[in-house]
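Novice: Using only what follows, build the 3D model:
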Amino acid sequence: MPQARKNTRRSTSKKRKAGQENGDKKQENHQTRFSRSTCHFHNFAPDEVHNIRDKLLDWYDKDHRHLPWREIARSNGDPTTRGYAIWVSEVMLQQTQVVTVIEYYKKWMEKWPTVKALSESSLDEVFKVWAGLGYYQRARRLHEGALKVQSEMGGVLPDTMDHLMTKIPGIGRYTAAAIASISYGEVVGAVDGNVVRVLSRMRLIGSPVGTATSNQFLWDLANSIISPARPGDFNQAMMELGATICFPRNPSCSTCPLQSFCLANQMNKSKKSYLGALHPNFGAHKRAYHYSTHKRHQRRSPGNKF
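Specialist: Residues are numbered from 1 along each chain as shown. Below is the predicted model of the structure:
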C-alpha cells in the first residue's frame, strides 16, 4: 500500500510537471505568434496613418469633453503648471471615474494650483482633501513627488517621458507619456486601457494583452500613428474615442470616426456581438472573446478618464 501511494504521488507529480511545461509552451507560442504579427496586417499603411490623424483630430476638435485638466493644460502659459495639472488628473483617475474626479480635482487645484503650493502642505492636509477618493497611497505619491520636484529640481517638472519616469517616484510609462505629450508636446504615444482596446480592435490584435511583447507592440503601434504636429491632442483623442465610443461592450461603431480603418468592424459587420473581439490566433476566428470578458483585462488600467 505505501508503494502504491508513492507511485500515485510520482504519477501526479509527473502530470503537474507536464502540465506546467505545456503551459510554458503555450505561452511561448503566444509570444512567437505575436512576434510574427508585426507584419503589414497589424501595422498601419502610410496613407492610413495620415487619414487616421486627420479624421480623429477633426472629430476630437468638434466633440471632445471639456474637462478641467484639459483647460488648464491648454491655457496656462507655465509648462510646469500644465504638466502638474495633467499629473494630478492622471493620479486621481487611476481608480476613479471621471464624474467623481471632477469636483475633487477642482478643490485640489484651488488649494494647490502649483507644485510649489503642494510641496508646502502637510501630508495630513493632503489626506483631508483626498478623503472620499480612496486609495490614499495615490495622494501620498503625489505629495512625495511634489516635494522632490521642489527640493531637487528647482520646482521645474521634467519635460520628457523618460525623465518623468526615472526622476519622479510613482510616475509610470503611461502617465509620463500623457504629461510629456499633452503638456510639453513630446511626440510620443500614450497607451492606457482605452487605447489598448481601440488599437486591438482596429488591427485585430489577439495576443494576450499584458505580456511584455504585446504591450511593447501596442506602444510601437501608438507611436507609429501619433501626430507630430499635435501629439497631446492626438493622445487625448484616442483616449476619448475609447471612453465615449469604443466601449468594452456594445461599441458605437456607426458614430466612430475611424470605422473605415477598423478591421474588427470590417470583418464582423454581421456579428455585432463580436466587434472588437480579442482572440488567440490573430485575425478572424470562430472562437472570439470580448475584450471586456478576457481575464487579463478585468484589472482596471487607467481607462475612461479622458
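Novice: What residues sit buried inside the helix or strand harbouring residue 74?
Specialist: Using DSSP states H and E, residue 74 maps to helix 68-75. Using 16 or more other Cβ atoms under 10 Å as the test for burial, helix 68-75 gives 69, 70, 72, 73. Just so you know, the C-beta spots here come from the backbone N, C-alpha and C atoms, and that holds for glycine as well.
Novice: so how far is residue 88 from the second one?
Specialist: Looking back up the chat, that one is residue 70. 13 Å (Cβ to Cβ, to the nearest Å).
Novice: Next one: the residue at minimal distance from the centre of the chain from residue 169, what distance?
Specialist: The centre of the chain sits closest to residue 192, judged by Cα atoms, centre = their mean, with a distance of 0.6 Å. Plainly put, residue 192 is 20 Å away from residue 169 if you go by Cβ to Cβ.
Novice: and what of residue 104?
Specialist: Note on residue 104: its distance to residue 169, by Cβ to Cβ, is 22 Å.
Novice: quick revisit: after the helix holding residue 74, next one along is what?
Specialist: Using DSSP H and E, the helix or strand that follows helix 68-75 towards the C-terminus is helix 79-93.
Novice: so for the helix or strand that that following helix is followed by, what's the average pLDDT?
Specialist: Sequence-wise, the next helix or strand downstream of helix 79-93 (DSSP H and E) is helix 98-111. Per-residue pLDDT values over helix 98-111 give a mean of 97.
Novice: And the helix or strand just after helix 98-111, what's buried?
Specialist: Counting by DSSP H and E, the next helix or strand C-terminal to helix 98-111 is helix 115-119. Residues 115, 118, 119 are the ones in helix 115-119 that count as buried (16+ other Cβ under 10 Å).
Novice: tell me which strands and helices helix 115-119 is in contact with?
Specialist: Under the contact criterion of 3 or more Cβ pairs under 8 Å, 6 or more residues apart in numbering; DSSP states H and E, helix 115-119 touches helix 79-93, helix 137-152.
Novice: Render the CA-only coordinates of it in CSV, please.
Specialist: Taking Å, rounded to 0.1, in the frame of the first residue of the first chain, the C-alpha atoms of helix 115-119 are listed here in CSV:
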residue,chain,number,x,y,z
VAL,A,115,3.8,72.0,-7.5
LYS,A,116,5.3,74.6,-5.0
ALA,A,117,2.0,75.0,-3.2
LEU,A,118,1.5,71.3,-2.8
SER,A,119,5.1,70.8,-1.6
